[in-house]
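Visitor: Below are the sequence and a predicted model for it; my questions follow.
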Amino acid sequence: MISSKTVNSDDSSKNVSKSYTYDNMGRVTKTVNNKITTSYIYDALGRIYTESEYDGEDYSIFRGYFYEGVSQHVSQEITGQYNLLMYSNKSYEYDDEMRIVKVKESGNDTVSYTYDKNGNKKTETLANGVVSTYTYNNANRVTKIENKLGNSNISSYEYSYYLDGSDACKTRNENGIIETTEYEYDGLKRLTEESVKVGGNTTDTYSYEYDDYGNRSKMTATGTEDYVTEYNYNDSNGNYTALLQKEVKTVEKENELDITNNVKQTVYTYDKNGNQIKKTADGKTETNTYDGLNQLIGFTDGTTTASYKYNEDGLRYEKTVNDQTINHVWDSSKQIVADVIDNQFYEADCYIRGTNLAAKYNYQNGNKSEYTYYTQNAHGDVVNLTDKTGKVTKTYTYDAFGVEKNIDENDTNAFRYCGEYYDAETGTIYLRARYYNPSIGRFISRDSFAGKIEDPLSLNLYTYCANNPISLKDPTGHWFGLDDLIAAGVGAVVGVVSQVVVDVAQSVVTGDFKLSNWQTYTGAAVGGAIGGVTTLYAGPVAGSAVGAGATTLIGQTLENITPGGTKRSAAEILTNTAIDTGIGAVFGKFVPVNVNKVTSGRNSMNAVFKSGLTKIAHGNAKRMSSKVISKGITSGVVGGLSTSVALGSKNGFVEKYAQSKKKSQNYRFDKGEYRWESARKAN
C-alpha cells in the first residue's frame with residue numbers, strides 16, 4: 001500500500017512530496033501535500049462525513065456532509081477560520097429520480113428546477129423571479145433558452161445543428177437586438193469560420209486555419225476590426241516544435257511560439273517540460289514560474305506580481321495578486337463556493353450552486369450583501385448578472401474561443417466563459433489542472449494525458465477542445481475526451497459481459513451449453529464501446545442502434561476472414577447489420593435517459609467510482625471531474641447493455657422459433673441468423 005510519493009524536478013527547491021495515511025479498510029484518512037494536511041472521517045456506510053484542510057498558518061477549512069437514507073446528499077456545511085465564517089450552508093431537495101429540484105442557502109430558497117420526461121432541465125427559477133426555460137430537439141440538444149422576468153424578456157438563445165451534431169447557428173436576442181452567429185468546420189470538426197450578423201448584416205467574421213499537427217496557423221478577422229494573425233512554431237535552432245508535440249516527446253530545449261500580427265510580434269517561450277515561461281510583446285515581458293508538478297505558482301509582468309498555491313487534490317486554494325490574497329474554498333464537487341479575501345475587512349464572496357452557478361453574495365465585517373444571480377447560455381457561459389429585483393446589471397458576450405468582448409477591467413466577477421474562473425492578472429481561465437489562454441486558443445502548459453494514437457487531434461497537448469470550442473467544453477483542464485474514453489471502456493466491458501449472459505440464457509433455452517466464438521466477443525466489445533460513446537453524445541436510441549450494427553458488422557466480418565469461420569457474402573453481412581441496427585434502435589427507445597441514482601443525485605454512481613476510476617487521470621486521481629466520470633460510466637453501461645440485450649433477445653427468439661420448426665422444415669440457426677438450408681426435404 002502506498003505510504004508516500006515524491007516528485008522531483010531539476011531544481012531542488014521545487015521538490016513536491018505527498019504522503020498518505022490509510023485506515024484498515026484501505027481508505028485515505030490523511031494526506032500531506034507539502035504544507036497542506038487534509039484529514040477525512042467516514043460514516044458507517046463509507047461516505048465522507050467530515051473533511052478538514054489546514055496549513056498550520058492561516059488556512060483552515062472544514063467540510064461537513066449530511067445524508068438522508070443511504071444515498072441522498074441533503075446538505076453540506078463549510079466553515080473556515082476567517083472569523084469562523086460559514087462559507088456554505090446549503091441544503092438540497094430531490095425528486096423521485098434523485099434530481100435536484102431546490103437549493104437553499106442558510107434556509108433561504110435560492111434556485112429551483114423542473115425537468116422534462118427525458119430528464120432534461122426544463123426550467124430554472126432564481127429567487128429574484130428570473131425564470132430560464134429550456135427547449136430540446138429529439139436528440140436532447142438545446143434548441144432554445146428563454147430568460148424572463150415575468151413577461152419581460154431578459155435574453156433568449158436559439159440553436160440549430162448540423163447532421164453530425166456540430167453547432168450550426170446561435171441566435172441571441174437581447175434588448176431588442178438580434179445577433180446571429182454561424183459556424184463552419186473542416187472535415188475534422190475544427191472550427192474554420194465564425195460569422196456574426198446583427199440585424200441581418202454581417203458585422204464580424206473570424207476564420208481559422210491549422211497546420212498538419214493541429215496548431216492554429218492563421219486567424220483572419222474582418223468587420224469591426226481587420227487584421228491577420230499568423231502563428232509560427234519554432235525554437236532557437238529553427239526546429240519545428242509541432243512535430244515534437246505530435247510524437248509526444250519531452251522537449252529538451254527552450255521552445256518558442258511566435259505570433260506575428262501585422263508589425264506586432266508576440267513571442268511565447270517554453271521550458272523543457274512544455275510550460276510557457278515567458279510572453280514578450282511591445283517590449284514588455286510576462287514571466288511564469290512552475291513547481292515540480294508543472295503547476296503555475298508565479299506570474300509577473302513588471303507591474304503586477306501574483307503567486308498561487310495548491311492543495312493535495314491539485315486544486316488552487318490561494319492566489320495573491322500584489323498585496324491582495326484570495327483563498328478559494330472548494331466543495332466536494334470541485335467547485336469554488338467562496339473566495340475569502342484576506343484584508344482588513346475579512347471579506348468573502350460566497351457562491352451558491354445547483355446544477356450550475358446560480359447566485360453569490362458578499363460578506364464583509366459581519367454584513368451580508370444582497371444576492372447577485374447568474375444566467376447562462378447552452379454552452380454554460382455566464383451571459384447575464386441580475387440583482388435582487390431581476391434587473392440586469394451586467395451582460396457578457398464572447399467569441400468562439402472565449403475571448404470576452406468589451407471587457408471591463410473593473411469587473412470583479414470571477415466566473416465568466418464556460419462558467420469558469422477568470423484570472424484578470426494573467427488573462428487566462430483557470431480550469432483546475434491547467435490554465436487556458438482564450439486569446440490564442442491554447443493552454444499555457446501541456447496536458448499530462450499523452451493522447452490516443454487513434455485520435456490524432458488528442459496528440460496535440462496544447463489545443464483547447466481539439467479546436468472545436470463551440471460543441472465541446474473542458475472543465476478539468478485535461479483532455480476533453482476523457483469521458484469518451486470511460487464510455488468506450490465501460491461499454492466494451494458491459495458488451496462482453498452481456499454477451500456471456502446472453503450465451504448462458506440461450507443455452508438454458510436450447511439445453512445445449514455453448515459460448516460464442518472469439519469473433520462474436522470481439523464484435524461485442526467494439527460494438528459496446530462504440531455504443532457507449534454514441535450514447536454519450538446522441539442518446540440511448542442512437543447508441544443502441546449504432547452499437548448493435550457495429551457488433552454485427554465487426555463480428556461477422558471477422559468470421560468471414562478467419563479460416564474455418566462462417567462465410568457470408570458482403571450483401572448478407574450488410575443486410576444483417578441493417579436489421580440489427582434497427583433492432584438496436586427499438587430497444588434503445590426503452591432505455592430511460594435519466595437513470596435513477598446513476599445520472600443524477602449528489603451521491604450517485606459518480607461518487608462510488610470517483611476515487612477509483614479517476615486514478616487514470618494523470619497520476620492524481622482526484623483531479624478528474626466526477627461529472628466526467630458519471631457521464632462516461634452511464635453512457636458506457638447504457639450503450640453496451642442495450643446493444644447486447646437487443647441482439648441477445650433477437651437471437652434467442654430466432655433460435656427458439658427455429659427449434660419449433662425443425663420437425664417439418666430444415667432450418668439452421670447460425671450465429672444470430674435464422675438461415676434456410678432447403679425449402680423441401682430431399683426425396
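Guide: Cool, the structure landed.
Visitor: can you tell me which residues contact S307?
Guide: In this structure, S307 makes contact with I297, G298, F299, K319, T320, judged by CB atoms under 8 Å, 6 or more residues apart in numbering. No exception for glycine: its C-beta is placed from N, CA and C like everyone else's.
Visitor: with those in mind, which one is nearest to T135?
Guide: Within the set of these, K319 lies nearest T135; the separation is 39.3 Å, counting by CB to CB.
Visitor: Just to be sure, that closest one is in a strand?
Guide: Yes: K319 forms part of a strand when assessed by DSSP: H, G, I helix; E, B strand; the rest coil.
Visitor: Can you give me every residue that contacts it?
Guide: Applying CB under 8 Å, 6+ apart, the residues near K319 are A306, S307, Y308, K309, T325, I326, H328, D423.
Visitor: Give me the buried entries from those residues.
Guide: A306, Y308, K309, T325, I326, H328, D423 (16 or more other CB atoms under 10 Å).
Visitor: For the third one, give its distance to N24.
Guide: When distance is defined by CB to CB, to the nearest Å, K309 is 33 Å away from N24.
Visitor: quick one: buried residues of stretch 203-213?
Guide: For stretch 203-213, by 16+ other CB under 10 Å, it's D204, T205, Y206, S207, Y208, Y210, Y213.
Visitor: burial measure for Y134, as a count.
Guide: Here the count is done by other CB atoms under 10 Å, and Y134 has 19 residues near it.
Visitor: so it is in which element?
Guide: Under the criterion of DSSP states H and E, Y134 resides in strand 130-136.
Visitor: partner strands of that strand, parallel or antiparallel?
Guide: According to DSSP bridges, strand 130-136 forms sheet pairs with strand 121-126 (antiparallel), strand 142-149 (antiparallel).
Visitor: List the backbone torsions phi and psi for K567.
Guide: Comment: the main-chain dihedrals of K567 come out as phi -100, psi 130, following degrees, to the nearest 10.
Visitor: residue ranges of the helices in the chain, please?
Guide: Using DSSP state H, the helices found in the chain span residues 241-246, 482-510, 518-538, 540-561, 570-588, 605-613, 626-661.
Visitor: Excluding residues flanking it in the chain, which one is nearest T285?
Guide: By the measure of CB to CB, 6 or more residues apart in numbering, the closest residue to T285 outside its immediate chain neighbours is K278, 6.0 Å from it.
Visitor: show me the contacts for the one you found.
Guide: K278 sits next to V267, Y268, T269, T285, E286, T287, N288 when contact means CB under 8 Å, 6+ apart.
Visitor: how near is the fourth one to Y231?
Guide: If I follow you right, that is T285. As for T285, its distance to Y231 is 20 Å (criterion: CB to CB).
Visitor: Compare those two and say which is more crowded by neighbours.
Guide: Between T285 and Y231, counted using other CB under 10 Å, Y231 has the larger neighbour count: 22 against 14.
Visitor: How about the contacts made by that one?
Guide: Contacts were defined as CB under 8 Å, 6+ apart; by that measure Y231 touches N215, R216, S217, K218, M219, L257, D258, I259, T260, I440.
Visitor: Low-confidence ranges, the stretch 301-450 of the chain, go.
Guide: 343-345 (pLDDT under 70).
Visitor: What segments of it are strands?
Guide: 305-310, 316-321, 324-330, 336-342, 347-353, 357-364, 367-368, 372-376, 382-386, 392-395, 421-423, 428-430, 435-437, 442-443 (DSSP state E, counting those that start in this stretch).
Visitor: For the ones you listed, give me CSV that also has distance to D55.
Guide: CSV is the format used below for those (distance: least, CB to CB, whole Å):
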stretch, distance to D55
strand 305-310, 8
strand 316-321, 9
strand 324-330, 10
strand 336-342, 13
strand 347-353, 18
strand 357-364, 22
strand 367-368, 27
strand 372-376, 30
strand 382-386, 31
strand 392-395, 34
strand 421-423, 21
strand 428-430, 20
strand 435-437, 23
strand 442-443, 28
